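All I have is the shape, not the residue letters:
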């Protein structure tokens, strides 16, 4: 722990990343975001970031391969709790991802740091929402197994902010826009209106997170003289084997700033069978 609050944004980001307790991480994220907005934090030196490692996180949940996660129906109380836990775990990891985007990528316009600090704060609020729902259902964060796919992607995109924007907000977080409406429908059918209300907040704010990814991806492409659409699909082919998960939530993807040509190409990948199937958020 720092003996006093950090004065520099990169130090605050490092502290939030290192914090293990989920509630403490969320609270520290919110206070650090408020300090940045008020001017109590400055940007600090733009020296090199440390090599990416594991962020601070609790001993539980147990992390397993995605294929080893049990499938549970939201019709049962435990099944609903497992679904809520999965979303809480995603939001916890998303706090770390947002702070890593702040900490890792130096020398970018101030707006980059404004955006990703704000995203970190909203992810912290999302985690608090889902953690509270989990407790209301009689469980705690850590009571169900989870997977580490999001942080695996953070490691594989640590070398380049353009790659991070291409694959995290524009693929993984955009996938959250696709699957959340169906999740809301299943929970509404199960009579869990409280969790539905939480997910509606999350979905609305995640549109803004994906929009930030779209905006900065295009900014970085313009800086490098790259065609955004062609570059993105090349990166999907190279790093994700061209896999696109379907169905697509076209309305929210449009609100997040995807171009019509991009959506048409994504739909074509779905139509040829490469995007069949559905995975969880982010």
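Yes, it's here. These numbers were taken from a predicted model, which means no experiment stands behind them. Residues are numbered from 1 along each chain as shown.

Residue 93 and residue 86: what is the separation?
Residue 93 sits 11 Å away from residue 86, taking Cβ to Cβ, to the nearest Å as the criterion. In this view, the C-beta of every residue, glycine as well, is placed from N, C-alpha and C.

before we move on, what about residue 52?
Relative to residue 86, residue 52 is positioned 24 Å away (Cβ to Cβ).

low pLDDT regions in the stretch 151-282 of the chain?
Applying pLDDT under 70 to the stretch 151-282 of the chain picks out residues 271-282.

Which residue ranges of the chain form helices?
9-18, 22-38, 77-104, 110-136, 149-156, 161-167, 174-189, 193-224, 228-240, 250-255, 260-271 (DSSP state H).

Can you name the residues in contact with the last one?
It stands for helix 260-271. With Cβ atoms under 8 Å, 6 or more residues apart in numbering as the test, helix 260-271 has contacts from 229, 232-233, 242, 244, 246-248, 250, 253-254, 275-276.

same thing with the shortest one?
Contact with helix 250-255 is made by 174, 177, 178, 203, 207, 210, 211, 260, 263, as judged by Cβ under 8 Å, 6+ apart.

just the first one next, same as before
Contact with helix 9-18 is made by 1-2, 5-6, 25, 28-29, 32, 35-36, 41-45, 49-50, 55-56, 95-96, 99-100, 102-103, 106, 113, 117, 120, as judged by Cβ under 8 Å, 6+ apart.

Next one: residue 146, what pLDDT does it get?
Residue-level confidence at residue 146 comes out at 91, pLDDT.

how close does it get to residue 91?
From residue 146 to residue 91 the distance is 12 Å (Cβ to Cβ).

One more: residue 37?
21 Å.

got it, and residue 117?
In terms of Cβ to Cβ, residue 117 sits 16 Å off from residue 91.

now do residue 177
Using Cβ to Cβ, residue 177 is found at 15 Å from residue 91.

More neighbours: these two, which one.
residue 91 (26 against 23; other Cβ atoms under 10 Å).

I figured that one hits residue 132, correct?
No - Residue 91 lies out of contact with residue 132 (Cβ atoms under 8 Å); the separation is 11.7 Å.

just to revisit the earlier point, in TSV: the contacts of helix 260-271, plus neighbour count and distance to residue 151.
Compiled in TSV, the contacts of helix 260-271 are given as follows (neighbours: other Cβ atoms under 10 Å; distance: Cβ to Cβ, whole Å):
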residue	neighbour count	distance to residue 151
229	14	28
232	26	22
233	18	25
242	14	23
244	21	22
246	17	25
247	14	27
248	20	25
250	15	29
253	21	24
254	13	29
275	19	24
276	14	26
